[in-house]
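Asker: Predicted model and sequence follow; I will ask about them next.
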Amino acid sequence: MSAPNKNYDPVAVTALSAAEVDRALEAALAAIEAASTLDELKEARLAHDGDKAPLRLARAEIGALPPEAKADAGRRVGAAMNRIREAIGQRQAQLERNRDEQVLVTERVDVTLPFDRTPEGARHPVTMTAERLADVFVAMGYEVAEGPEVEAEWYNFDALNIPPDHPAREMQDTLFVARPDGEPGPQGGYGGTGSPPMLGSGMVLRTHTSPVQIRSLLTRPLPLYVVSPGKVYRNEALDATHLPVFYQIEGLAVDEGLTMADLRGAIQAFVDALFGAGLRTRLRPDYFPFTEPSGDVSMECHVCRGESVKPGADPCRICRSMGWIEIAGCGMVNPRVLVACGIDPDRYSGFAFGLGVERALMLAHGVNEIRDTVDGDVRFSRAFGMEI
Ligand code: FA5
């Protein structure tokens with residue numbers, strides 16, 4: 001910058017001439033107006049309001065003007081620069097608004113559109129029922145015990161006092177499987193193909209959850225209170241009330257001094273917890289090789305409460321107007337089972353019960369076809385309030 005010069009004529013300094021300042025202003029306004037993006041506007045700002053912008057350079061010349069010319073030149077350049085900044089501010093606001101509006105359009109999501117993603121899934125009503133049944137006993141102090149679905153014949157039958165000639169062992173009821181090592185089983189059955197190759201392999205798909213009784217008695221300390229939900233397999237045809245693969249839940253208590261009264265108490269507490277207090281239960285004689293005496297547990301129908309048996313009453317589809325619903329097999333643990341597990345039957349006694357989970361679900365919810373529980377139709381699950 002040159003020193004003040006009294007003879008300096010501002011009009012002669014081209015950059016400060018009114019025409020030049022106007023031209024610079026117009027060029028700046030045009031560039032600002034032409035900027036169609038925020039990046040372009042930034043470039044325009046640097047070009048017309050940055051350190052090297054014509055008006056900035058012209059302003060640097062003002063110091064060299066004679067005093068009488070400084071004010072005039074400073075006012076004109078300052079006004080032009082203010083006008084440019086104002087225009088930049090307005091354009092900036094406008095371009096930001098445009099950008100926001102565009103984002104709203106391009107990133108718009110129509111939440112009402114149908115979607116094709118695979119739903120996450122939810123637990124099946126049968127699983128939920130099994131857990132709910134087990135929870136009732138866990139709340140009473142029982143532990144959950146589990147066992148394998150491919151089971152040794154000894155656990156599934158022998159130890160439960162089901163002798164080798166018992167009809168339940170025959171092919172129509174039991175699915176025998178090959179031994180993993182392909183060796184002959186205790187009764188000579190190999191793990192290969194042939195007729196009947198698996199029979200006698202010593203390995204079965206468990207036909208009930210009762211082998212978990214034996215596994216628990218052999219591995220857990222006494223006294224013992226366990227509940228065992230799980231999948232079981234039978235060589236049965238599918239019909240309205242039978243599945244070849246279904247769930248059972250087993251209860252077992254072994255302690256000193258347990259009697260049938262304890263069994264009844266446990267069953268009553270179970271029914272009270274599931275259906276609310278006030279429904280009676282009854283035991284009728286039955287036969288299971290592993291319990292002695294054995295019984296069938298029924299509960300008063302939770303829908304008609306026994307009213308449907310009265311003459312002229314409306315029929316009840318839940319209990320088929322019988323007034324009672326069979327819910328479980330049960331009994332006092334056969335002393336032979338205790339002996340097979342090395343337990344002194346003179347000191348300890350026990351009770352056990354087992355029920356079908358799908359059948360319990362059908363009873364509780366008025367489901368007529370057991371098939372509905374395995375069809376995999378999501379509409380069945382949704383009726384139970386599943387979030388899928
Ligand atoms: C047993 O399996 C015994 N282990 C139960 C038991 C345990 C008795 C402890 C005494 C002490 P059962 O074969 O009756 O018993 O079957 C028990 C329940 O399983 C039946 O009451 C029924 O609810 C259900 N169930 C039986 N077969 C089927 C089937 N094919 N499909 C669906 N549920 C079935």
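Answerer: That came in fine, so what should we check first?
Asker: Flag every residue of the chain that's near the ligand.
Answerer: Counting by CB under 6 Å from any ligand atom, the chain comes close to the ligand at 208, 210, 234, 236, 242-243, 246, 248, 250, 288, 291, 329-331, 352-356, 358-359, 370. Quick note: C-beta positions are derived from backbone N, CA and C, even for glycine.
Asker: And the buried ones among these, selectable in ChimeraX?
Answerer: To isolate the buried members of these in ChimeraX, using 16 or more other CB atoms under 10 Å:
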select :208,210,234,243,246,248,250,288,291,329,330,331,352,353,354,355,356,358,359,370
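Asker: Narrow the residues of the chain next to the ligand to those in strands?
Answerer: If you go by DSSP state E, the residues of the chain next to the ligand have 246, 248, 250, 288, 291, 329-331, 352-356 in strands.
Asker: Distance-wise, check the spatially most central residue of the chain relative to Glu369.
Answerer: Taking CA atoms, centre = their mean as the criterion, Ala122 is the residue nearest the geometric centre of the chain, at 4.8 Å. Using CB to CB, to the nearest Å, Ala122 is found at 21 Å from Glu369.
Asker: ok, now Val303?
Answerer: Distance check for Val303 against Glu369: by CB to CB, it reads 18 Å.
Asker: Kindly report the same for Thr259.
Answerer: Distance, Thr259 to Glu369, by CB to CB: 39 Å.
Asker: got it, and Arg169?
Answerer: 30 Å.
Asker: Comparing the two, which shows the higher neighbour count?
Answerer: Higher neighbour count among Arg169 and Glu369: Arg169, with 20 against 13, using other CB atoms under 10 Å.
Asker: which residue ranges form the strands in the stretch 51-200 of the chain?
Answerer: Along the stretch 51-200 of the chain, counting by DSSP state E, counting those that start in this stretch, strands occupy 143-144, 150-152, 175-177.
Asker: Neighbouring strands - and their directions - for the last one?
Answerer: Paired with strand 175-177 in the same sheet, following DSSP bridges, are strand 203-205 (antiparallel).
Asker: Give me the contacts around the strand it pairs with.
Answerer: Residues from elsewhere that reach strand 203-205 (CB atoms under 8 Å, 6 or more residues apart in numbering): 149-153, 156-157, 174-180, 185, 232-233.
Asker: Just give me how far the longest helix anywhere in the chain sits from the chain centre.
Answerer: When the chain is parsed with DSSP state H, its longest helix is helix 67-106. Relative to the chain's own centre, helix 67-106 is displaced by 57 Å; criterion: CA atoms, centre = their mean, to the nearest Å.
Asker: what do you get for stretch 262-281?
Answerer: Remark: stretch 262-281 is offset 31 Å from the chain centroid, using CA atoms, centre = their mean.
Asker: What of stretch 132-148?
Answerer: Distance, stretch centre to chain centre, for stretch 132-148: 21 Å (CA atoms, centre = their mean).
Asker: and the end-to-end length of that stretch?
Answerer: End-to-end span of stretch 132-148 (CA to CA, to the nearest Å): 21 Å.
Asker: what's the model's confidence in that stretch, averaged?
Answerer: Averaging pLDDT along stretch 132-148 yields 95.
Asker: Quickly list the domain ranges of the protein.
Answerer: Split into domains by automatic domain parsing, the chain comes to 14-106, 125-382.
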